[in-house]
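[1] The sequence and its predicted three-dimensional model are supplied below.
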Amino acid sequence: MQMMGKLIAFRVFKYAGQTGANQLCKQLYGQGTSTRGKKYRRRGLLDEIPHRKLIRGVIVLSTRDAKEVIRLLKEFNAEVHVRDVVLTPDDKKALRR
């Protein structure tokens, strides 16, 4: 039986500006930062959700996790395209919890 997932392709519109794009990336992917010489990482939504990042703005994840990611993207008025895809063996491995 073929396992299905979701492919989400997105981009932030130009009118969101660089600040909006940066905020989206921080909330989605997280961010490494440092304070007074101490390094730490702020976690993003995808730190909690198994996924595969194919290229910039294209991720594959399980069907059950797609709604939460799409909601965040829509909050930032991103252009979002979602497709059902058959998961490859590598995708299945990456999406295990």
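    Okay, I see it.
[2] so for stretch 44-63, what's the average pLDDT?
    The predicted model assigns stretch 44-63 a mean pLDDT of 93.
[3] Val69 versus the residue of the chain most remote from its centre, what's the distance?
    Taking C-alpha atoms, centre = their mean as the measure, the residue most remote from the mean C-alpha position of the chain is Arg36, 29.5 Å away. Look at Arg36 and Val69: by C-beta to C-beta, to the nearest Å, they are 33 Å apart. Using the backbone N, CA and C atoms, a C-beta is placed for each residue, glycine as well.
[4] what residues does the helix or strand of the chain with the lowest mean pLDDT touch?
    Counting by mean pLDDT, DSSP states H and E, the weakest-scoring helix or strand in the chain turns out to be strand 31-35, with a mean of 82. Outside strand 31-35, the residues that touch it by C-beta atoms under 8 Å, 6 or more residues apart in numbering are Cys25, Lys39, Tyr40, Arg41, Arg42, Gly44.
[5] residues in contact with the fifth one?
    Same thing as Arg42. Contacts for Arg42 (C-beta under 8 Å, 6+ apart) come out as Lys26, Gly30, Gln31, Gly32, Thr33.
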